[in-house]
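> build me a structure from this.
(one chain, ligands or ions: 1)
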Amino acid sequence: PDEDSADAEPQLGDEEWTVPVSIGTPPQGFKLDLDTGSSDLWVFSTLLSKEEVNGQSLYDPNKSTTAAKMTGYTWDCHYGDGSFSSGYIYQDTVTIGGVTVAKQPVEVAKTVAPQFTQDTALDGLVGLGFWTINTAEPKKQKTFFENAAPNLEKGLFTADLKHEAPGSYNFGWIDENAHASNITYADVDSSDGYWMWTSPGYAVGDAKGINKTAIRGITDTGTTLLLLPDDVVDTYYGQVDGATWAEEWSGYVFDCNTTVPDFSFAVDNGTAKVTVPGEYLNYAENGDGTCYGGIQSDYGVGFSIFGDIAIKSAFVVFDQQNLKLGWASK
Ligand SMILES: O=C(CNCCc1c[nH]c2ccccc12)Nc1scc(-c2ccccc2)c1C(=O)NCc1ccccc1
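Have a look, this model is predicted:
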């Protein structure tokens, strides 16, 4: 049934993907970033001061006959890049990819960080992590997916992001035409509120065997890059001619003409693996002839982050019912 599918438009050179979301009655339309690394659904709103808005669409609860203020409720998000957003909460009807949730907590922004004001490509986020890291006070609220799941055929959603091309998210079903290989599943540990799993190892370039080292990390559509443990990062860049850690860019950079090797990570006992093409790992030009790597260190995070660069290299199943994460090539 293809009614439960949302097209994801790539923005800003694959920095993020947004999907069309409608909120309220009559429906107000927004471009929201589906984010498996957080659990708040928040949107730019008419409560924001003019200086904090830069063309984004603003949700106006007063114009929605189905909006109901959650009196006394607030929310307050802070992200690892130092960005933040906060405000009040209304319940309203939310539709994404043909799936509608009535009375979904919609966190309306009263304050947003400059990073969001400057990001004209998005009007907010749809958290698709677990409710345990939702920031609503005095009581945490469920995500759009957690509220929708009971009415879906299967308690799962899939991400099929593509390199510099529209991708798609499906809710409740797996599109067998969207993936080439069998789907290999890993166990999910949701105790920290993330889609946390452990890859048994990795390989650089076309190396046949894998370096058996556990990489514990989250699968996070809201983070652009692939943040990995220092030993893995050093081994990878050891095979990139001229790559160095540059203070001024606070990350690994290399000459833009450098041929960058693929990076593969294993799934399950290493039977299956996902290969990130070298092309995706030359992430951005710094403007001085050097390019910024798509693989960087996860130092200070506490776990690794399999961000968009990894996700767009595969067809990914987020199975909330069975706490499994499925990876397939496409
Ligand atoms: O927050 C999310 C997912 N939502 C992002 C929403 C968002 C935040 N600015 C945005 C800007 C545009 C669109 C979405 C977002 N994932 C996680 S789990 C742990 C960390 C973390 C903790 C400590 C240190 C580092 C990361 C992050 C993190 O901060 N990622 C973003 C990032 C990671 C690295 C560099 C930049 C950003």
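> any regions of the stretch 1-150 of the chain where pLDDT drops low?
1-3 (pLDDT under 70).
> what does it put close to the ligand?
E16, D33, D35, G37, S38, Y79, G80, D81, S83, Q115, D119 (C-beta under 6 Å from any ligand atom). Where C-beta positions appear, they are placed from N, C-alpha and C, glycine not excepted.
> now the strands for the stretch 1-150 of the chain?
5-11, 16-23, 28-35, 41-44, 68-78, 84-96, 99-112, 124-127 (DSSP state E, counting those that start in this stretch).
> so what touches the second one?
What that stands for is strand 16-23. By C-beta atoms under 8 Å, 6 or more residues apart in numbering, the residues outside strand 16-23 that reach it are 6-11, 28-34, 43, 59, 64, 92-97, 106, 119, 121-123, 126, 161, 167, 169, 221-222, 224, 308.
> buried subset of those residues?
6, 8, 10-11, 28, 30-34, 43, 59, 64, 92-97, 106, 119, 121-123, 126, 161, 167, 169, 221-222, 224, 308 (16 or more other C-beta atoms under 10 Å).
> next, the contact list for Q104, please.
Residues near Q104 by C-beta under 8 Å, 6+ apart: L41, Q91, D92, T93, V94, F144, N147.
> what do you get if the cut-off is 7 Å, keeping everything else the same?
L41, Q91, D92, V94, F144, N147 (C-beta atoms under 7 Å, 6 or more residues apart in numbering).
> and those residues, which is closest to the ligand?
Relative to the ligand, the closest of the contacts of Q104 is L41; by C-beta to the nearest ligand atom it sits at 12.4 Å.
> ok, the closest one touching L128?
No. In this structure, L41 is not within contact of L128 by C-beta atoms under 7 Å, at 9.2 Å.
> ok, these two, which is more surrounded?
L41 (31 against 26; other C-beta atoms under 10 Å).
> quick one: the helices in the stretch 201-330 of the chain?
230-237, 308-311 (DSSP state H, counting those that start in this stretch).
> out of the ones you listed, which is closest to V301?
helix 230-237 (11.5 Å; C-beta to C-beta).
> now for that closest one, which elements pack on it?
Helix 230-237 is packed against strand 196-204, strand 211-219, strand 295-297, with contacts defined by 3 or more C-beta pairs under 7 Å, 6 or more residues apart in numbering; DSSP states H and E.
> and the nearest residue to G201 once chain neighbours are set aside, how far is that from T271?
Take G201 and drop its neighbours on the chain: the residue closest to it by C-beta to C-beta, 6 or more residues apart in numbering is I210, 3.9 Å away. Separation of I210 from T271 (C-beta to C-beta, to the nearest Å) stands at 11 Å.
> closest residue of the chain to the ligand?
G80 (2.4 Å).
> got a list of what that residue touches?
V301.
> just checking, D241 touches P261?
No. In this structure D241 lies outside contact range of P261 using C-beta under 7 Å: 10.0 Å.
> picking that back up, for the helices of the stretch 201-330 of the chain, which one ends up most surrounded?
helix 308-311 (a mean of 26; mean count of other C-beta atoms under 10 Å).
> on contacts alone, who are the packing partners of that helix?
strand 156-162, strand 272-276.
> most neighbours per residue, which of those?
strand 156-162 comes out most buried of the helices and strands packed on helix 308-311 by mean count of other C-beta under 10 Å, with a mean of 23.
> can you give the strand pairings for the helix or strand just after it, parallel or anti for each?
Moving toward the C-terminus from strand 156-162, the next helix or strand (DSSP states H and E) is strand 165-171. Within its sheet, strand 165-171 is paired with strand 5-11 (antiparallel), strand 156-162 (antiparallel), according to DSSP bridges.
> now render the ones you listed as CSV, adding distance to S49.
Listed next are the strands paired with strand 165-171 as CSV, based on distance: least, C-beta to C-beta, whole Å:
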stretch, distance to S49
strand 5-11, 24
strand 156-162, 33
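> residue nearest the centroid of the protein?
T221 (1.4 Å; C-alpha atoms, centre = their mean).
> show me what contacts that residue?
Contacts of T221 by C-beta under 7 Å, 6+ apart are L34, D35, T36, G37, A159, D308, I311.
> so the third one makes contact with T219?
Yes. T36 is within contact range of T219, at 6.1 Å (criterion: C-beta under 7 Å).
> which neighbours do these two have in common?
The contact lists of T36 and T219 share W195, where a contact means C-beta under 7 Å, 6+ apart.
> neighbour-wise, which of the two wins?
T36 (29 against 24).
> skip the chain neighbours and tell me the closest residue to the residue nearest to the centre of the chain.
Nearest to T221 is T36, by C-beta to C-beta, 6+ apart, at 4.7 Å.
> next one: the one you found from W197, what distance?
T36 is 12 Å from W197, by C-beta to C-beta.
> what residues does the stretch 201-330 of the chain put near the ligand?
Near the ligand, when you scan the stretch 201-330 of the chain using C-beta under 6 Å from any ligand atom, you find D220, G222, T223, G300, V301.
> among the residues you listed, which two are most distant?
G222 and G300 (17.5 Å).
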